[in-house]
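Colleague: Provided below are the primary sequence and the corresponding predicted coordinates.
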Protein chains: 2
Amino acid sequence: MKWLRTLVLFNEGGVLSSNGWAAVHQSYQDAIEKIYHPPFSGALTLRAKRRRNNGKDFDRNGVAYLRSHFLRNMLELEGWTSEGDVDLDKERQQPAILLYPSCEHYREPITSGFGGFDFVTTTLDGLKVAIEWETGNISSSHRSMNKLAIALKTGIIQVGVLIVPSRDLYSHLTDRIGNIAELSGYLEMWESLRPKDGKGLLAITVVEHDALSDDPDLPYLPTGSDGRANQARKTRAKN
Amino acid sequence: MKWLRTLVLFNEGGVLSSNGWAAVHQSYQDAIEKIYHPPFSGALTLRAKRRRNNGKDFDRNGVAYLRSHFLRNMLELEGWTSEGDVDLDKERQQPAILLYPSCEHYREPITSGFGGFDFVTTTLDGLKVAIEWETGNISSSHRSMNKLAIALKTGIIQVGVLIVPSRDLYSHLTDRIGNIAELSGYLEMWESLRPKDGKGLLAITVVEHDALSDDPDLPYLPTGSDGRANQARKTRAKN
DNA sequence: TATGGATCCATA
DNA sequence: TATGGATCCATA
């Protein structure tokens, strides 16, 4: 898989020039570049999107393969350990909200956890890093970015990275997944959330396939979970 | 349907005390309170979530009915006209982004439109209002809030409202839709996006059913064939 | 083609 | 039960 570019939305406290950031970026770039299809082929070649016989729908590649290979590479090839969830304090101060029409002050209780990040680790120089591999729905990318921004602001991480498909890759994968084009109008918002003190770097890395192919012998990356993927293909083949 | 509360996350330039806000809030509160099920019953009574015979899945209410009735009520009962899309300028200034590792300055082009809001109108005193009825996936609520915040910052609207189910209502509707509980940890982030000059009010309104029922003669609100619905139907048919 | 939405899935 | 995710739908 191809690393295209890494956008640094903000960089406070010199994180960008730290050894930890350089090491982490090198590693996850490697982990990206070692995602292959077909396996061991040395490149990510995807079957191109193709209109089905019904003239309406498309055959596309599922996304689970890419995600699991990235995470596996980070652990097995790059040697990082994942630390599981970091969680935000539910007791942290809520902003002063006004109720309407009573105009009373109000603090909405925080009644939901913060979930986790796909991958959390700590660099040798002590930077806590959260990486989100984003092949969920594009709206899910908004939640991921919001979460990274809050975690950076709160100081529970110092590096936050979202990895997201290019618009071109997007079109060959499951419909409506995250992509840089649909995030581009929001970058200024996340940039404005930079922490005023302490260390914090927020980045978006854009990735793409190495090649496309129309070879009918190249299978699409499977969709859904193992059992149902086959079943779905059968259903389609029947029509 | 029951209006539970309206949280005002920020209020700049005295919008909260304007006639326009009072009129709009009264109207959309009315439009909420006139969503009935069964039709004309004067209340929103929902069939309660129920575990299916397979012991695993649940029967729940779909959400399209609620959405379409809200929008209809705003137009037909409250007499507002909808103005279609407001759109953000694609030429607006992008933040100064740094590329890594080159450390060049870069401006990611804005290559995606901003979509629209569910409902846009203007009050008699000239406030441009955007209302989002949020029964999409919870992650979609993040995009809606982000979009409202940017539109307020940019000044193309002065009032932004998200209408979202309570956690209790949430549990009886399509799995994983928007709900106040899962937004509660992010309120401080959106609050911090308040525009520094000009007028701007950002609010979240929480809604709920009036009553629940286990009466087998009360049908669930119908579900569409969106998302993974067909896939699930096939699975069910097979069992 | 583009964008917001709706629905169910996997897993801890 | 809770949370992030994956998938396909509707419509302009």
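Modeller: Structure received. All of these numbers come straight from a predicted model, not from anything done at the bench.

Colleague: only C-alpha atoms for contact and neighbour calcs from this point on.
Modeller: Will do.

Colleague: any residues touching the longest helix along chain A, and which ones?
Modeller: When chain A is parsed with DSSP state H, its longest helix is helix A:138-154. Defining contact as CA atoms under 8 Å, 6 or more residues apart in numbering or on different chains, one finds that helix A:138-154 is touched by A:88, A:114, A:130, A:132, A:134, A:157-162, A:176-179, A:182-183, A:190, A:193-195, A:200-202, B:139-143, B:146, B:186, B:189.

Colleague: Next, give phi and psi for A:Y28.
Modeller: Backbone geometry at A:Y28, expressed as degrees, to the nearest 10, gives phi -70, psi -30.

Colleague: re the thing from before, check the contacts of helix A:138-154 one by one and keep those near DNA strand C.
Modeller: With the criterion set as CA under 7 Å from any atom of the strand, the members of the contacts of helix A:138-154 near DNA strand C are A:R176, A:E182, B:S140, B:S141.

Colleague: so which of these is the most crowded?
Modeller: Top of these by neighbour number is B:S141, holding 28 neighbours under the definition other CA atoms under 10 Å in any protein chain shown.

Colleague: Next one: that one from DNA strand D, what distance?
Modeller: Per CA to the nearest atom of the strand, to the nearest Å, B:S141 is found 11 Å from DNA strand D.

Colleague: If I look at that residue, what pLDDT would I see?
Modeller: B:S141 carries a pLDDT value of 98.

Colleague: Near DNA strand D, which residues of chain A are found?
Modeller: Contact residues (CA under 7 Å from any atom of the strand) of chain A with DNA strand D: A:57, A:60, A:62-64, A:67, A:111-118, A:132-137, A:140-141, A:144, A:174-177, A:222-225.

Colleague: switch to 6 Å and redo it
Modeller: Taking CA under 6 Å from any atom of the strand as the contact definition, chain A meets DNA strand D at A:62-64, A:67, A:112-116, A:118, A:135-137, A:140, A:174-177, A:223-224.

Colleague: which of those are buried?
Modeller: Neighbour counting by 16 or more other CA atoms under 10 Å in any protein chain shown classes A:62-64, A:67, A:114, A:116, A:118, A:135-137, A:140, A:174, A:177, A:223-224 among these as buried.

Colleague: Which of those residues fall in strands?
Modeller: Of these, none are assigned to strands by DSSP state E.

Colleague: Identify the residue spatially nearest to A:L88, adjacent ones excluded.
Modeller: Spatial nearest neighbour of A:L88, excluding adjacent residues (CA to CA, 6 or more residues apart in numbering or on different chains): A:F114 at 6.2 Å.

Colleague: What separation do you get for the one you found and B:V164?
Modeller: Counting by CA to CA, to the nearest Å, the separation of A:F114 from B:V164 is 19 Å.

Colleague: To what extent is the spatially closest residue to A:P195 that is not a sequence neighbour buried, counted in neighbours?
Modeller: Spatial nearest neighbour of A:P195, chain neighbours left out: A:K153 (4.9 Å); criterion: CA to CA, 6+ apart. By other CA under 10 Å, the residues close to A:K153 number 20.

Colleague: One more: A:K2?
Modeller: Around A:K2 there are 18 residues (other CA under 10 Å).

Colleague: Model confidence for it, exactly?
Modeller: Reported pLDDT for A:K2: 98.

Colleague: For the nearest residue to it once chain neighbours are set aside, give me its contacts.
Modeller: Once flanking residues are discounted, A:K2 sits nearest to A:E208: 5.1 Å by CA to CA, 6+ apart. By CA under 8 Å, 6+ apart, the contact set of A:E208 is A:M1, A:K2, A:W3, A:L4, A:P165, A:S166, A:D168, A:L169.

Colleague: Which positions in the biggest strand by length in chain A come out as buried?
Modeller: Assignment by DSSP E gives strand A:2-12 as the longest strand of chain A. In terms of neighbour count (16+ other CA under 10 Å), strand A:2-12 has its buried residues at A:K2, A:W3, A:R5, A:T6, A:L7, A:V8, A:L9, A:F10, A:N11, A:E12.

Colleague: Dig out what the third one forms beta bridges with.
Modeller: With beta bridges defined as DSSP bridges, A:R5 has these partners: A:V206.

Colleague: Do you know the pLDDT at it?
Modeller: With respect to pLDDT, A:R5 scores 98.

Colleague: so it makes contact with A:T205?
Modeller: Yes. The criterion here is CA atoms under 8 Å, and A:R5 meets it with A:T205 at 5.7 Å.

Colleague: What is the neighbour count of A:L44?
Modeller: Neighbour count of A:L44, defined by other CA under 10 Å: 23.

Colleague: Quick check, it in contact with A:P38.
Modeller: Yes. The pair A:L44 / A:P38 is scored as a contact, 7.0 Å apart, by CA under 8 Å.

Colleague: Low-confidence stretches in chain A?
Modeller: Counting by pLDDT under 70, chain A contains low-confidence ranges at A:90-91, A:225-239.

Colleague: Name the residue most distant from the centre of it?
Modeller: Centroid-distance maximum for chain A: A:S102 at 41.2 Å, with CA atoms, centre = their mean.

Colleague: Out of the contacts of A:E208, which is nearest to A:E33?
Modeller: Proximity of these to A:E33 (CA to CA) peaks at A:M1, which lies at 4.7 Å.

Colleague: which residues does the closest one contact?
Modeller: Residues in contact with A:M1, defined by CA under 8 Å, 6+ apart, are A:I32, A:E33, A:K34, A:I35, A:Y36, A:A43, A:L44, A:V207, A:E208, A:H209, A:D210.

Colleague: what about the residue nearest to the fourth one when sequence neighbours are not counted, distance to A:T121?
Modeller: Right, the one you point to is A:I35. Leaving aside its chain neighbours, A:I35 sits nearest to A:M1 (5.3 Å; criterion: CA to CA, 6+ apart). With distances taken as CA to CA, A:M1 is found 23 Å from A:T121.

Colleague: Same check on A:Y170?
Modeller: A:Y170 sits 28 Å away from A:T121, going by CA to CA.

Colleague: which residue ranges form the helices in chain A?
Modeller: Under DSSP H, chain A gives helices at A:19-33, A:64-72, A:138-154, A:167-170, A:180-183, A:187-191, A:226-238.

Colleague: Other residues contacting the second one?
Modeller: Contacts of helix A:64-72 with the rest of the structure, by CA under 8 Å, 6+ apart, involve A:A31, A:I32, A:I35, A:F119, A:W133, A:T135, A:L221, A:P222, A:T223, A:G224.

Colleague: Pull out the buried positions in it.
Modeller: Residues A:A64, A:L66, A:R67, A:H69, A:F70, A:L71, A:R72 are the ones in helix A:64-72 that count as buried (16+ other CA under 10 Å).

Colleague: how about those residues in CSV, adding distance to A:S27?
Modeller: As requested, the buried residues of helix A:64-72 are arranged in CSV below (distance: CA to CA, whole Å):
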residue, distance to A:S27
A:A64, 21
A:L66, 16
A:R67, 16
A:H69, 14
A:F70, 11
A:L71, 11
A:R72, 12
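
Colleague: Out of the residues you listed, which is nearest to chain B?
Modeller: Using CA to the nearest CA, A:A64 comes nearest to chain B of these, at 15.8 Å.

Colleague: about what we covered before: could you list the buried residues of the longest helix of chain A?
Modeller: Neighbour-count burial for helix A:138-154 flags A:138-154 (criterion: 16+ other CA under 10 Å).

Colleague: do stretch A:83-95 as well
Modeller: Using 16+ other CA under 10 Å as the test for burial, stretch A:83-95 gives A:V86, A:L88, A:Q94, A:P95.
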